[in-house]
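In: the sequence and its predicted three-dimensional model are supplied below.
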Amino acid sequence: MLRPRIMPCLLLKDGSLVKTVNFNNPSYVGDAVNAIKIFNGKEVDELVLIDISKKDIPFDTIRKITRECFMPLCYGGSVRTIEDMKKLFQLGIEKIIVNTLLFENPQIIEKAVKLFGSQSIVASVDVKKNFWGKHKIYRHSNKKTLDLSPIEYIKSLEELGVGEILLYSVDKDGTWEGMDIDIIKNICKNTHLPVISCGGVGTTKDIQDSIIGGSSGVALGSMCVYSKKNMGVLIRFPKQNEIEEIIRNYESM
Amino acid sequence: MIGIVDYGMGNVGSVESMINFLGYHKTKIVKSPEELDLVDKIILPGVGSFDNGMDNIIRSGLRLELYHQVLEKRKPVLGICLGMQLLMQKSEEGDLPGLGFIKGECKKFNFSDTKLKVPHMGWNEAKPIKSDLCKKDSRFYFVHSYYVECQNKEDIMLETNYGIKFTSGVSKDNIFGVQFHPEKSHKYGMKLIENFINL
């Protein structure tokens, strides 16, 4: 059967690897190409790379990565045009993650889906609880939330034709305190699209909970680049036997 | 010389990088019928829709040359993902006929269970029915919504379970196809590509 995917989610800023907390305060954690080579050596299922510099797409870095890494790579950050996407696919990127473009130019997304297939376009969806504890879709570019409910928003993305959702919890990002399981369950139950959830993983149990909650994939941030909460930088990944245990527990459900 | 056919459907770079990484540097990106004549083995990768793929193969003049090189000169060919589907006679995804090297067609996954998402995307196991390119059960990365159904059982090389048991690899004489992406499947994919190179 299809295995749930567990993958690192790495952030790039001005050519370096960084990690955020609640989408803020990016701190330097190392060299991106080296780190990704390590994850390739660990044979991770897939890798998510997001450039948060808000500048040009770092094509050179991406080229260095795709030449030596033989795993599915998803890239997001500053992708604006069909030409950008073409170039990324040519370099060996599997899937392109879009976020701002979904709000600003959904026509491009429709066009991209027609040209490259829905499986190659991932919609990144950032969720945040409001003052009353209600889940809202957060728009990073203007720091506002949408009036649309998360489910309505996901439905609109299905209509656009994207092939996958990267569900990112702003509140949980970098906290190590466990994932926002309620929103994961709610969204997975209401969409036919595969969902990769991200934000808050601190233990392998958190990964398992998310998979049992319906995630097709779980992306790990801090846990891949720090040894522990508030501790030093360490490029790491759950061991193969830990992953097998998660999958066994999920399959026996 | 290994020729990797570039007919405008997805990236050919990853396949070439993997072959080079294996220490084999005689690769050529093939875009025209003349170039196809220069290589000993052919890899037909591809991501995208069936008709779009066939249309590009026809317009680049590669279709007739592929018949010549594969059926008459019997050069080994490996179709990957869409490239494998194009080896078949037709697909529910499009109206154009495929290359028809292998008898059968491509059908769409159709599940009532919402837990079974389409596309079938991620790592799944392929079990060798024939050991041409893959000797033991291995994990590979899949991304597809259509699957191949062979008319002749003896053409099935690999099988995978996803809601149903489907054909994830085909082989017939010098013709091979895999539904997954060996170029994105770590050492498992590398082994398969190596086996093809060493045929």
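Out: Perfect, I can see it now. Numbers count the residues shown, from 1 in each chain, chains lettered A, B, ... in the order given.
In: for the host helix or strand of A:Leu10, report the contacting residues that lie outside it.
Out: In this structure, A:Leu10 sits in strand A:5-13 according to DSSP states H and E. The contact list for strand A:5-13 (CB atoms under 8 Å, 6 or more residues apart in numbering or on different chains) reads A:17-20, A:26, A:32, A:35-36, A:39, A:44-53, A:58, A:61, A:77, A:196, A:198, A:207, A:216-221, A:224-225, A:237-238, A:243, A:246, B:122-123. Where you see a C-beta, it was placed from the backbone N, CA and C, and this is true even at glycine.
In: ok, the residue nearest to B:Lys172 when sequence neighbours are not counted - contacts?
Out: Distance criterion CB to CB, 6 or more residues apart in numbering or on different chains; nearest residue to B:Lys172, sequence neighbours excluded, is B:Asp155 at 4.9 Å. The neighbourhood of B:Asp155, defined by CB under 8 Å, 6+ apart, consists of B:102-104, B:170-172.
In: got a pLDDT number for B:Asp155?
Out: For B:Asp155, the pLDDT comes out at 98.
In: still on that earlier bit, ChimeraX command to pick out the buried ones of the contacts of B:Asp155?
Out: Per 16 or more other CB atoms under 10 Å in any protein chain shown, the buried members of these correspond to this ChimeraX selection:
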select /B:102,104,170,171,172
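In: circling back: sort out for me which of the contacts of strand A:5-13 are in strands.
Out: Secondary structure defined by DSSP state E assigns A:17-20, A:26, A:47-51, A:196, A:198, A:217-220, B:122-123 of these to strands.
In: all helices for the chain, in order.
Out: The chain I'm using is chain A. Along chain A, counting by DSSP state H, helices occupy A:32-41, A:59-68, A:82-91, A:100-104, A:106-116, A:150-160, A:181-189, A:204-212, A:222-225, A:240-251.
In: other chain: chain B
Out: Counting by DSSP H, chain B has helices at residues B:13-21, B:33-37, B:50-59, B:62-66, B:82-85, B:186-197.
In: who in the stretch 101-250 of chain A is up against chain B?
Out: Contact residues, the stretch 101-250 of chain A versus chain B (CB under 8 Å from any CB of the partner chain): A:115-120, A:163-164, A:192-194, A:216-217.
In: kindly recompute the last result at 7 Å.
Out: Residues of the stretch 101-250 of chain A lying close to chain B (CB under 7 Å from any CB of the partner chain) are A:116-117, A:119-120, A:163, A:192-194, A:216.
In: next, count neighbours for B:Glu105.
Out: By other CB atoms under 10 Å in any protein chain shown, 17 other residues sit near B:Glu105.
In: that one and B:Gln85: what is the separation?
Out: Distance from B:Glu105 to B:Gln85, counting by CB to CB, to the nearest Å: 9 Å.
In: any common contacting residues for those two?
Out: Common neighbours of B:Glu105 and B:Gln85 (criterion: CB atoms under 7 Å, 6 or more residues apart in numbering or on different chains): B:Ser91.
In: which residues touch the nearest residue to A:Asp84 once chain neighbours are set aside?
Out: Nearest in space to A:Asp84, with sequence neighbours left out and distances taken as CB to CB, 6+ apart, is A:Ile57 at 6.0 Å. Counting by CB under 7 Å, 6+ apart, A:Ile57 makes contact with A:51, A:77-79, A:84.
In: so where is the stretch 1-150 of chain A shaky, pLDDT-wise?
Out: Scanning the stretch 1-150 of chain A for pLDDT under 70 picks out nothing.
In: who touches whichever residue of it sits closest to chain B in this structure?
Out: As assessed by CB to the nearest CB, chain B sits closest to A:Gly92 within the stretch 1-150 of chain A, at 4.1 Å. By CB under 7 Å, 6+ apart, A:Gly92 lies in contact with A:66, A:73, B:11, B:13-14, B:17.
In: distance check, B:His68 against B:Leu78.
Out: 18 Å.
In: quick one: terminal-to-terminal distance for stretch A:169-188?
Out: 14 Å (CA to CA, to the nearest Å).
In: I should have written stretch A:116-132 there, sorry.
Out: For stretch A:116-132, the end-to-end distance is 40 Å (CA to CA).
In: circling back: more neighbours, B:His68 and B:Leu78?
Out: B:Leu78 (30 against 14).
In: got the contact list for that one?
Out: B:Leu78 sits next to B:43-44, B:176-177, B:196 when contact means CB under 7 Å, 6+ apart.
In: before we move on, what about B:Asn56?
Out: Applying CB under 7 Å, 6+ apart to B:Asn56 gives the contacts B:7-9.
In: with B:Arg139 instead?
Out: By CB under 7 Å, 6+ apart, B:Arg139 lies in contact with B:123, B:125, B:188.
In: can I get those residues in CSV with neighbour count?
Out: Converted to CSV, the contacts of B:Arg139 look like this (neighbours: other CB atoms under 10 Å in any protein chain shown):
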residue, neighbour count
B:Trp123, 21
B:Glu125, 17
B:Tyr188, 21
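In: near chain A, which of the residues you listed show up?
Out: Okay, of the contacts of B:Arg139 touching chain A (CB under 7 Å from any CB), that's B:Trp123.
In: hmm, back to that, deepest in the core, which of the helices of chain B is it.
Out: helix B:82-85 (a mean of 28; mean count of other CB atoms under 10 Å in any protein chain shown).
In: neighbouring contacts of it?
Out: Here helix B:82-85 makes contact (CB under 7 Å, 6+ apart) with B:9, B:44-48, B:50, B:53, B:91, B:106, B:146, B:148, B:170, B:177-179.
In: can you count the residues close to B:Asp40?
Out: For B:Asp40, the count of nearby residues is 14 (other CB under 10 Å).
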